[in-house]
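S.K.: Coordinates for the following, if possible.
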Amino acid sequence: MESPRWSLFVVGRRRPQVLLSDGGEDALAELQLRGGGRGSLGRATERDGRRFDAFLDGGEVRVECAGRVLVRAQGEELTTGGRTYPWKADLEGGRTASLTDDDGTPLLQIEPGPGGDGPWITIAWSDHLPSPLAVTLATCFVLLRVDALGRRG
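M.R.: Residues are numbered from 1 along each chain as shown. Just a heads-up that it's a prediction; the model follows:
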């Protein structure tokens with residue numbers, strides 16, 4: 001998929017800092033994780049100050065900005081921009097996810113990064129994806145939550 005690429009970095013262990021990077025000098029967004037269950041999964045603050053909130057409610061993940069729902073994801077479907085797309089997120093800790101159009105065209109592809117000082121995951125997305133930042137955040141919060149639960153055992 002010929003597309004823009006982003007990377008998600010997890011820096012530190014005790015109080016990790018999670019940064020979404022587009023390769024620029026400053027992070028595209030900083031993600032702050034919160035407790036699971038019903039309620040808030042976390043918040044992402046874009047470098048221009050715009051805030052996105054992620055919520056988990058009954059198995060549905062949603063991302064809002066300024067009180068407006070931008071993304072809803074549940075099971076194998078993600079809805080954004082008035083359309084529902086096939087969505088697959090690895091819930092076993094493999095750090096992979098994909099979103100395709102109805103005809104199978106990739107819109108979002110997330111793969112594990114090299115680890116170490118490199119990115120935790122790498123993200124490729126299509127210019128045809130509505131709300132790419134919100135869709136990416138919804139997917140990243142799910143993968144980060146799965147990883148955190150897996151480490152707790």
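S.K.: where do the helices sit along this structure?
M.R.: Here the chain has its helices, by DSSP state H, at 132-152.
S.K.: in it, what spans have low per-residue confidence?
M.R.: The chain contains residues with pLDDT under 70 at 1-3, 35-38, 150-153.
S.K.: can you do 80?
M.R.: Applying pLDDT under 80 to the chain flags residues 1-4, 12-16, 24-25, 34-39, 115-117, 148-153.
S.K.: ok, which stretches of it are strands?
M.R.: 5-11, 17-21, 29-33, 39-46, 51-57, 60-65, 68-74, 77-80, 83-89, 97-100, 106-112, 121-125 (DSSP state E).
S.K.: which other helices and strands contact the fourth one?
M.R.: With contacts defined as 3 or more C-beta pairs under 8 Å, 6 or more residues apart in numbering; DSSP states H and E, strand 39-46 has these neighbours: strand 29-33, strand 51-57, helix 132-152. Yep, even glycine has a C-beta here, placed from its N, CA and C like the rest.
S.K.: between the second one and strand 39-46, how big is the angle?
M.R.: For strand 51-57 against strand 39-46, the angle by axes from the mean of the first three to the mean of the last three C-alpha atoms, to 10 degrees is 160 degrees.
S.K.: got it, and the first one?
M.R.: Going by the same axes, to 10 degrees, strand 29-33 is angled at 160 degrees with respect to strand 39-46.
S.K.: Can you show me the CA trace of strand 29-33 as PDB?
M.R.: What follows is strand 29-33, C-alpha atoms only, in PDB (Å, rounded to 0.1, in the frame of the first residue of the first chain):
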ATOM      1  CA  ALA A  29       0.100  13.000  19.100                       C
ATOM      2  CA  GLU A  30       0.800  11.800  22.700                       C
ATOM      3  CA  LEU A  31      -1.400   9.000  24.000                       C
ATOM      4  CA  GLN A  32      -2.300   8.700  27.600                       C
ATOM      5  CA  LEU A  33      -3.700   5.400  28.700                       C
END
